[in-house]
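Asker: Coordinates for the following, if possible.
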Amino acid sequence: MGVGARGRAQRASGRPRTLRGLAASLARALASGGSGSLLAAALVSAIASGCSGPPPARPPRPARPPAAAPSPCPPEPPALERDASVPGRRFAYGLHLAPLPNLLYQLDCVSGAVVCARVVFREFWGARGLDAGDEAALSAWKALRTRHGGELKRLDVAPVTLPLLAPAGAFDLGERQRLAGLLARAPGAYEASIALLSADADARRLGEIVRRFEPRFLGWWRSRGFAAGSASFDAFARRLADPFFDATLERAARFYEAELPPGPLLDVHLVVQPASPRQLTAAFQLERYAIVEAPEGRPIEGLLGVVAHEAFHYFFSRMPNERKAALIGRVVASDDPFAAASYGVFDEAVARALGNGVVAQHYEPPESFARSMARNDPREPYREASAVGRALFPSMAGFLERGASASSDEFVRAYLAAARSTYEGGRPRPLDYLHAPVLVADPRFAAAAERLRDASNAGFPTLREYAAFDDEARGFVGERPFVSAALLVPAGGASAALDGLAAPAKHRAAMAALAGRARGFVYALPRTPKSYAFVFAAGDVKAMGELVERFVALSAMREGALVELAK
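Answerer: Model prediction:
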């Protein structure tokens, strides 16, 4: 309860509140999860128990028989959350550890609503007696957390059309929902925030699910989770203040030409990962808010490169539009025929070269860093970007020291050369053209579209999705000929797709022949010498799934028929 609200209430009543009335009011404030709930809890406890601090000085009074001494106040419960502002030489950093954001993250993770070290958290909750009712609640959680989507855009500035997709300052609704969970410290506050980003009924149901899991979570948080998080908190506080970390982020901000808002450069929120033998962790950047899984009982030095990596995505999103235009203009003007395909992993590859390279090399043990640089596991998520990042890494420190920018001709040439060096057989695969694409998928093919999206690691903010190749989709694709596109259409819809793409007659004839002899096919239609439209045509869901799987496995790129399913 705010001071102003309390003052107004007292003036309206015309008399002071009684202790009983004050306790009741504070209890209501606590139940509401309002901004003063922690203070209210302490005062309610004090009033209910009758304990108090030292009495105020009073005039002497006549002697009276000694009375029983009041019960001493019980010791205050230990704090279960921590917040700190960490000053660096150039920037300031926020550091946060709190139980409710940790629980909400775990529910997102275990339910499959977000990407995370899911197997670790599933094992943790499995040890806490997950039953059929819990699994049903988790399924409901995922559905509620993922049913609302879209972007929030500024209406007071004209949109900028760039030849390739880039972070454009739009806000993803799903990310805003995650921020609501990250910043809430009381269940009531979370419900109020999430209701503004979804629906009241959804928020209430999410609150019910939180209350279902909260007792088991808080038992672990009190017994060991908070202590483990505090150890990571102290270690992060030391490293965020380290001059090397601060100076590297300053140089990286200049490299990206980022326009950064006032306030802390980063707000780092720690998620305690329960003890596990698995070597898995995850980190995310939501605008200036960083989320990092900190494994219980492990040093945090291996996480600093990951935190920096995610910060560099944020820096790229803050690059002014004119600098993005300069960067992309150099890509499309390049005489490298694979330049647009290589650009598809630009954001991720550069962040890896800087974060998992320059920063990680400083903090990780040499043997561990050497192993990570040498790793070339085909099962590695986004291994294409990792390969380009490793190829780019040896030159990255030099670019930072010289004050080069990401949009400079010098860096764009170096980046494209590094990307070319990673292509097996000297040229991109078909999938490499779809890392930053337009995806048009008939709703009946949603599962196949998700598989294609996951395989190509395409996602916000460098993915544009449509449910039909309608006027809006055609306009967007038509304005961006250098952006490759994937169109998943029913067998009879291929001709309409060709109309929207203004396909030449020879390609229309070739696709008509395919449609006559195959139960499904993938056709690569050149858009420019650097980009393609891939038309996936199938008569049923099963055939579309097969087309996507075979497309993902292709190693050679050519125009024309790429996959053909015999009747």
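Asker: Work out which residue lies at the spatial centre of the protein.
Answerer: When CA atoms, centre = their mean is applied to the chain, the residue found nearest the centroid is Phe284 (4.4 Å).
Asker: Now that one. Nearest residue, chain neighbours left out?
Answerer: Ile291 (4.6 Å; CB to CB, 6 or more residues apart in numbering). To be clear about C-beta, it is placed using only N, CA and C from the backbone, and glycine gets the same treatment.
Asker: Any idea how many residues pack against Met544?
Answerer: 29 (other CB atoms under 10 Å).
Asker: where does it sit relative to Val563, distance-wise?
Answerer: Distance of Met544 to Val563, given as CB to CB, to the nearest Å: 11 Å.
Asker: Same question for Arg550.
Answerer: With the distance defined as CB to CB, Arg550 ends up 5 Å from Val563.
Asker: Also Ala339?
Answerer: 26 Å.
Asker: repeat for Gly302
Answerer: 41 Å.
Asker: Hmm, the residue nearest to Phe284 is touching Asp267, no?
Answerer: No - at 9.7 Å, Ile291 does not count as touching Asp267 under the criterion of CB atoms under 8 Å.
Asker: Of these two, which one has the most company?
Answerer: Comparing Ile291 with Asp267 by other CB under 10 Å, the one with more neighbours is Ile291, at 25 against 20.
Asker: That one: what secondary structure?
Answerer: Following DSSP: H, G, I helix; E, B strand; the rest coil, Ile291 is assigned to strand.
Asker: Backbone dihedrals for the residue nearest to the centre of the chain, both of them.
Answerer: phi -140, psi 160 (degrees, to the nearest 10).
Asker: Could I get the contacting residues of it?
Answerer: 114, 178, 290-292, 310 (CB atoms under 8 Å, 6 or more residues apart in numbering).
Asker: repeat that with 10 Å
Answerer: Taking CB atoms under 10 Å, 6 or more residues apart in numbering, we find Phe284 in contact with 105, 114-116, 175, 178, 182, 269, 271, 290-293, 306, 310, 313.
Asker: And for Met396?
Answerer: Going by CB under 10 Å, 6+ apart, Met396 touches 252, 255, 350, 352-355, 357-358, 389, 404, 411, 414, 418.
Asker: out of those residues, who's nearest Ser198?
Answerer: Closest approach to Ser198 among the contacts of Met396 (CB to CB): Gly355, at 32.4 Å.
Asker: In the chain, where is pLDDT below threshold?
Answerer: Scanning the chain for pLDDT under 70 picks out 1-78, 169, 376-381.
Asker: pull the CA atoms of the biggest strand by length in it into CSV?
Answerer: Scanning the chain for the strand with the most residues, using DSSP state E, yields strand 518-528. Output of strand 518-528 as CSV, limited to C-alpha atoms (Å, rounded to 0.1, in the frame of the first residue of the first chain):
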residue,chain,number,x,y,z
ALA,A,518,4.2,-36.7,-58.3
ARG,A,519,2.2,-36.9,-55.1
GLY,A,520,4.4,-34.1,-53.8
PHE,A,521,7.4,-32.0,-54.7
VAL,A,522,9.8,-29.2,-53.7
TYR,A,523,10.7,-26.8,-56.4
ALA,A,524,13.5,-24.1,-56.2
LEU,A,525,12.5,-21.0,-58.1
PRO,A,526,15.3,-18.4,-58.5
ARG,A,527,14.3,-14.9,-57.3
THR,A,528,17.6,-13.2,-57.8
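Asker: packing partners for it?
Answerer: If contacts are counted by 3 or more CB pairs under 10 Å, 6 or more residues apart in numbering; DSSP states H and E, strand 518-528 sits against strand 485-490, helix 494-501, helix 505-517, strand 531-538, helix 541-552, strand 560-566.
Asker: Give me the angle between that strand and helix 505-517.
Answerer: For strand 518-528 against helix 505-517, the angle by axes from the mean of the first three to the mean of the last three CA atoms, to 10 degrees is 160 degrees.
Asker: Buried residues, strand 518-528. List them.
Answerer: Neighbour-count burial for strand 518-528, counted by 16 or more other CB atoms under 10 Å, picks out 518-525, 527.
Asker: Likewise for stretch 297-311?
Answerer: Residues 298, 300, 302-311 are the ones in stretch 297-311 that count as buried (16+ other CB under 10 Å).
Asker: out of the buried residues of strand 518-528, who's nearest Gly478?
Answerer: Nearest to Gly478 among the buried residues of strand 518-528: Arg527, at 10.0 Å, using CB to CB.
Asker: Need the nearest residue in space to the closest one, chain neighbours excluded.
Answerer: Arg527 sits nearest to Pro481 (CB to CB, 6+ apart), 5.2 Å away.
Asker: Show the contacting residues for the one you found.
Answerer: By CB under 10 Å, 6+ apart, Pro481 lies in contact with 163, 332, 340, 501, 527-528, 530-531, 533.
Asker: That one looks like it's in a strand, true?
Answerer: No - using three-state DSSP, the assignment for Pro481 is coil, not a strand.
Asker: picking that back up, mind putting the buried residues of stretch 297-311 into JSON lines with distance to Trp141 and secondary structure?
Answerer: Formatted as JSON lines, those follow (distance: CB to CB, whole Å; DSSP: H, G, I helix; E, B strand; the rest coil):
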{"residue": "Arg298", "distance to Trp141": "28", "secondary structure": "coil"}
{"residue": "Ile300", "distance to Trp141": "29", "secondary structure": "coil"}
{"residue": "Gly302", "distance to Trp141": "30", "secondary structure": "helix"}
{"residue": "Leu303", "distance to Trp141": "27", "secondary structure": "helix"}
{"residue": "Leu304", "distance to Trp141": "31", "secondary structure": "helix"}
{"residue": "Gly305", "distance to Trp141": "31", "secondary structure": "helix"}
{"residue": "Val306", "distance to Trp141": "26", "secondary structure": "helix"}
{"residue": "Val307", "distance to Trp141": "27", "secondary structure": "helix"}
{"residue": "Ala308", "distance to Trp141": "31", "secondary structure": "helix"}
{"residue": "His309", "distance to Trp141": "28", "secondary structure": "helix"}
{"residue": "Glu310", "distance to Trp141": "24", "secondary structure": "helix"}
{"residue": "Ala311", "distance to Trp141": "29", "secondary structure": "helix"}
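Asker: just the residues you listed now: which is nearest Gly475?
Answerer: Closest to Gly475, out of all of these and judged by CB to CB, is Glu310, at 33.3 Å.
Asker: was I right about that closest one contacting Ala283?
Answerer: Yes - counting by CB atoms under 10 Å, Ala283 is a contact partner of Glu310 at 5.1 Å.
Asker: the helices in the stretch 151-300 of the chain, which residues?
Answerer: Under the criterion DSSP state H, counting those that start in this stretch, the stretch 151-300 of the chain contains helices at 173-183, 187-197, 200-220, 226-240, 243-255.
Asker: circling back: would you point out the most distant pair within the buried residues of strand 518-528?
Answerer: Maximum distance among these (CB to CB): 26.4 Å, for Arg519 and Arg527.
Asker: picking up where we left off before, which member of the contacts of Phe284 is positioned nearest Ala201?
Answerer: Arg178 (20.0 Å).
Asker: Quick one: residues contacting the closest one.
Answerer: Contacts of Arg178 by CB under 10 Å, 6+ apart are 101, 104-105, 108, 113-114, 145, 172, 197, 284, 286, 289, 291.
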